[in-house]
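K.L.:
I'll drop the sequence and a predicted model, then ask my questions.
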Amino acid sequence: MLEKMDTKFDPEEVIEEFKMLTKDAERVQKETFTEYLKKWGLNGRTDHESFKAFVPLVTLKDLEPYIQRMVDGDTSLILTGKPITTISLSSGTTQGKPKFVPFNNELMESTMQIYKTSFAFRNRNQQYTKRS
């Protein structure tokens, strides 16, 4: 995945792209939330109480058996709609124990974009701090 990264990194370009993609975030978030809730039979309701009543809460403990199957080599689409391409280990900060984190290509690309954007903003802030 890293080999696909651009060799030229322009922090200002990354920041401008981020601003463009997030300028209407509230509307996109509401549309995505409403679309997601359709599969739970909420008939257009998007209020907090309906969500809590109809959408089951899932914890890591609920998912661990499925993640372990992936670690053991199960390639079926157990938890995701796209194949898992990478399994990473967490830093182990939750209860001091590392956890397996499955990634597919789409999630990996999103994660890399988050890192790039974070780096761009931090780099910009450091430049402003040095000028002051």
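P.N.:
Perfect, I can see it now.
K.L.:
Please determine how far Thr22 is located from Glu106.
P.N.:
Distance of Thr22 to Glu106, given as CB to CB, to the nearest Å: 18 Å. Backbone N, C-alpha and C define where each C-beta goes, glycine included.
K.L.:
Actually, Leu21.
P.N.:
For Leu21, the distance to Glu106 (CB to CB) stands at 15 Å.
K.L.:
do Thr85 as well
P.N.:
10 Å.
K.L.:
what's the answer for Met20, then?
P.N.:
20 Å.
K.L.:
quick one, which of the two is more surrounded?
P.N.:
Counted by other CB atoms under 10 Å, Met20 and Glu106 do not tie: Glu106 has more neighbours, with 12 against 9.
K.L.:
ok, for the more buried one, nearest residue in space, not its chain neighbours?
P.N.:
Among residues not flanking Glu106 along the chain, Lys82 sits closest, at 6.1 Å (CB to CB, 6 or more residues apart in numbering).
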